[in-house]
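Novice: Fold the following for me, if possible:
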Amino acid sequence: MTTFKEKMRLWPQFTLREALLIGFCATFVIITRAGLRLHLHLPGHVMLFTMFFYLLARGCVPKIGSAALVGLLASLASLVLGMGMPGMVFVKYLLPALVIEAALLLFPSSLEGMLACAAVGLIAATSRALVSSGVEWLMGLEEEIILSKALFIAVANGIFGGLGALAVPSVLRVLRKNGLIESTGKR
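Specialist: A predicted model of the protein is given here:
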């Protein structure tokens with residue numbers, strides 16, 4: 001006979017509460033992306049909120065795959081809303097999420113310190129420059145143009161991704177202090 005707690009699991013590893021939190025973060029990634037379609041003439045400014053919500057989801061749901069699930073849900077929602085080309089949308093949202101997952105597998109306490117969290121956000125946001133560079137390479141553009149544009153996009157994404165990640169440790173600390181998420185000792 002299954003218990004109530006087992007019935008409340010969406011997948012074997014996520015409870016309903018955790019799945020709702022992951023869905024909340026994915027929704028806010030899409031809302032901020034749609035809201036920031038303003039022409040601010042700042043490349044990479046969308047990565048500020050994207051990295052914040054990816055890392056916040058991974059910090060609130062400290063299980064392998066939570067950031068990747070946020071990326072998957074955000075890419076599906078973006079596809080449904082027509083916010084990009086079908087193949088590229090998945091890579092655009094999933095690649096930074098998978099980089100976050102890999103970084104937190106190697107360094108699990110990266111979400112505790114501000115500099116370590118900013119480094120994870122910077123690396124994950126920088127990886128997104130590979131997406132546009134791959135498309136330009138497939139189109140046959142000159143390598144000099146591809147490299148210069150990729151470097152510029154990587155730096156801009158990295159700066160905004162690192163800034164967005166800086167807020168995550170303090171938000172997680174406040175959530176733990178108020179008992180809204182488990183403290184690090186109870187994991």
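Novice: And the contacts of the helix or strand that contains Ile22?
Specialist: According to DSSP states H and E, Ile22 maps onto helix 16-35. Residues from elsewhere that reach helix 16-35 (Cβ atoms under 8 Å, 6 or more residues apart in numbering): 8-11, 14, 46, 49-50, 53-54, 56-57, 60-61, 63, 66, 69-71, 73-74, 77-78, 81, 83, 93. All C-beta spots, glycine's among them, are computed from the backbone N, C-alpha and C.
Novice: Report the central residue of this structure.
Specialist: What sits nearest the mean C-alpha location of the chain, by Cα atoms, centre = their mean, is Tyr54, with 3.1 Å.
Novice: Enumerate every residue touching that residue.
Specialist: By Cβ under 8 Å, 6+ apart, the contact set of Tyr54 is 25, 29, 67, 70-71, 96-97, 100, 124.
Novice: Ile100 too?
Specialist: Applying Cβ under 8 Å, 6+ apart to Ile100 gives the contacts 54-55, 58, 67, 120, 124.
Novice: contact partners of the helix ranked longest in the chain?
Specialist: If you go by DSSP state H, the chain has its longest helix at helix 143-166. Helix 143-166 is contacted by residues 42-52, 55, 96, 114, 117-126, 128-130, 132-133, 136-137 when judged by Cβ under 8 Å, 6+ apart.
Novice: quick one: which of the contacts of Ile100 sit in helices?
Specialist: Checking the contacts of Ile100 against DSSP H, those in helices are 54-55, 58, 67, 120, 124.
Novice: okay, those residues in a markdown table with pLDDT and distance to Ala167 next?
Specialist: Shown next, in a markdown table, are those (pLDDT from 0 to 100; distance: Cβ to Cβ, whole Å):
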| residue | pLDDT | distance to Ala167 |
| --- | --- | --- |
| Tyr54 | 96 | 12 |
| Leu55 | 96 | 9 |
| Arg58 | 94 | 14 |
| Ala67 | 93 | 16 |
| Val120 | 95 | 13 |
| Ala124 | 94 | 15 |
